[in-house]
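Undergrad: Okay, predicted coordinates and the sequence, questions at the end:
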Amino acid sequence: MTSSRLALTFRGAVRLAAPLLGGLAMLAGGAGAARAAKPIVIGTTISETGPLATDASYQLKGIQLGIAEVNAHGGWLGRKLVLKYYDDKSSPGAAVRLYQRLITLDKVNLLLGPYSSLVTIAIAPLINKYHMATLEPGASVPDIYEKGNKWNLMNTADSTTYLHQLLPLAKASGAKSVALLGLESAYSLACYHARVAQAKQLGLKIAYSTTYTLQTDFSSIALAIKNAKPDVVLECGYYPDSVNLVRSLHEQGFAPRFLGETVGPVEAAYLKALGPLSNRVYSNSGWWFNFKTPGNKAFIAAYEKMFHSLPDYHAAAGFTAIQVLGAAVTATHSLDQNKIRAWIVTHSVSTIQGKIHDNAYGHTIGAVQDMVQVQHGVLKLIRPAALAQAKPEIPYTGH
């Protein structure tokens, strides 16, 4: 699922949303002057290898598509964009060293954040030390966006909203008990604690709960869940552990009435790895194919043409980061970090994900993760009801 470094030239321009195209006007002097001008270099790291690679590859592709679209329309401020990125190997320590390099040696003009809250938390002190206004397409932990950490700028829903619709749905359908699991990583722990609090508020019995380190063998956890006999199993984790948990539950011969997992199930690799075991699993998404947002249909078509596959919400978040950054650069007519940050926290931008508006601390206001379900090998949006493609299919059968 990891991608090679792709040429950032996209043939066959596609009409996209105004926030992205708003940054594409040429400076006086025309196309020849734009080609002669020094490019604007955007720096980032991405987890091309390591446990985060499957999900992170989508974020990178979304960024690449966004840059390709900008360049197809002339660039920002009459200058083309170049993406400079390194593989952080899913390692916070590696990311710190690489962002130091991007800022001090490569001297990039602009920054985008890495994939995952875990890695973003590690680089946040560096971003704030150098006062780099950094859009964060892959960092959902709300604690990042607080006083004293002003240069990280969110452009996605925070992790406390992941699968927030599942427990109310389960309770309304007769569920009495729940097993809750959380990977010991920043975003997943925020999700886990939010769902624990929600279960208590709803009066659901917490039959089993645990946090765990990244692992491939979930046999003991699956056995404990089986013995607890919960109506709902909800896991906050990443792609690898979501696949391994389902396999272990199947090996134990246990299928809860409701099975929800964050992040992993929205990836094509998940459906391929689990086949019929994935049927009726719930997951979350901050973007969807049927969103009636400006440029969404064009984004999907352009992504398919460029990568010969379908996007997911990580790709949409990467693309949105370019939309928001382009809107700020264009509005301020500048690459000045202070001006860019000040504009982003005081303006709303229409994107393929919807309106993005950050508060004074860089936290996106009002964004939530929606809920999808695998139905006969196809992911369908089931919440919010106004946009639902299908009704929930109950129960999860494990086959």
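TA: Arrived safely, thanks for sending. Residues are numbered from 1 along each chain as shown.

Undergrad: where does the chain have low pLDDT?
TA: Applying pLDDT under 70 to the chain flags the ranges 1-36.

Undergrad: Spell out the residue ranges of the strands in it.
TA: Assigned by DSSP state E, the strands in the chain fall at 40-46, 81-87, 110-112, 134-136, 152-154, 177-183, 205-212, 232-236, 258-261, 281-285, 348-351, 354-357, 370-375, 378-383.

Undergrad: Could you dump those strands into a markdown table with mean neighbour count and distance to T104 added?
TA: Just so you know, the C-beta spots here come from the backbone N, C-alpha and C atoms, and that holds for glycine as well. Shown next, in a markdown table, are the strands of the chain (neighbours: other Cβ atoms under 10 Å; distance: least, Cβ to Cβ, whole Å):
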| stretch | mean neighbour count | distance to T104 |
| --- | --- | --- |
| strand 40-46 | 25 | 11 |
| strand 81-87 | 20 | 13 |
| strand 110-112 | 25 | 12 |
| strand 134-136 | 30 | 15 |
| strand 152-154 | 28 | 19 |
| strand 177-183 | 24 | 33 |
| strand 205-212 | 16 | 36 |
| strand 232-236 | 28 | 36 |
| strand 258-261 | 27 | 40 |
| strand 281-285 | 26 | 37 |
| strand 348-351 | 22 | 30 |
| strand 354-357 | 20 | 29 |
| strand 370-375 | 23 | 40 |
| strand 378-383 | 19 | 42 |
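
Undergrad: Throw those strands into CSV and include distance to K305, thanks.
TA: Shown next, in CSV, are the strands of the chain (distance: least, Cβ to Cβ, whole Å):
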stretch, distance to K305
strand 40-46, 22
strand 81-87, 19
strand 110-112, 23
strand 134-136, 25
strand 152-154, 29
strand 177-183, 35
strand 205-212, 40
strand 232-236, 34
strand 258-261, 30
strand 281-285, 22
strand 348-351, 20
strand 354-357, 24
strand 370-375, 24
strand 378-383, 21
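
Undergrad: Of the ones you listed, which is nearest T293?
TA: T293 lies closest to strand 354-357 among these, at 5.6 Å (Cβ to Cβ).

Undergrad: and the closest one, what other elements does it pack with?
TA: Judged by 3 or more Cβ pairs under 8 Å, 6 or more residues apart in numbering; DSSP states H and E, strand 354-357 is in contact with helix 313-332, strand 348-351.

Undergrad: most neighbours per residue, which of the ones you listed?
TA: Across those, averaging neighbours per residue (mean count of other Cβ atoms under 10 Å) puts helix 313-332 on top, at a mean of 27.

Undergrad: and it with strand 370-375, angle?
TA: Using axes from the mean of the first three to the mean of the last three Cα atoms, to 10 degrees, the direction of helix 313-332 lies 150 degrees away from that of strand 370-375.

Undergrad: Any idea how far helix 313-332 is from the middle of the chain?
TA: Offset of helix 313-332 from its chain centre (Cα atoms, centre = their mean, to the nearest Å): 13 Å.

Undergrad: Using PDB, write out every CA atom in it.
TA: These are the backbone C-alpha positions of helix 313-332, laid out as PDB (Å, rounded to 0.1, in the frame of the first residue of the first chain):
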ATOM      1  CA  TYR A 313     -10.800   9.900   4.200                       C
ATOM      2  CA  HIS A 314      -7.000  10.200   4.900                       C
ATOM      3  CA  ALA A 315      -6.600  11.100   1.200                       C
ATOM      4  CA  ALA A 316      -9.400  13.700   1.500                       C
ATOM      5  CA  ALA A 317      -7.600  15.100   4.600                       C
ATOM      6  CA  GLY A 318      -4.300  15.400   2.700                       C
ATOM      7  CA  PHE A 319      -6.100  17.100  -0.200                       C
ATOM      8  CA  THR A 320      -7.900  19.400   2.200                       C
ATOM      9  CA  ALA A 321      -4.700  20.500   3.800                       C
ATOM     10  CA  ILE A 322      -3.500  21.800   0.300                       C
ATOM     11  CA  GLN A 323      -6.900  23.500  -0.100                       C
ATOM     12  CA  VAL A 324      -6.700  25.300   3.200                       C
ATOM     13  CA  LEU A 325      -3.000  26.200   2.900                       C
ATOM     14  CA  GLY A 326      -3.700  27.500  -0.700                       C
ATOM     15  CA  ALA A 327      -6.600  29.700   0.500                       C
ATOM     16  CA  ALA A 328      -4.300  31.200   3.200                       C
ATOM     17  CA  VAL A 329      -1.400  31.800   0.900                       C
ATOM     18  CA  THR A 330      -3.600  33.400  -1.800                       C
ATOM     19  CA  ALA A 331      -5.600  35.600   0.700                       C
ATOM     20  CA  THR A 332      -2.400  36.900   2.300                       C
END
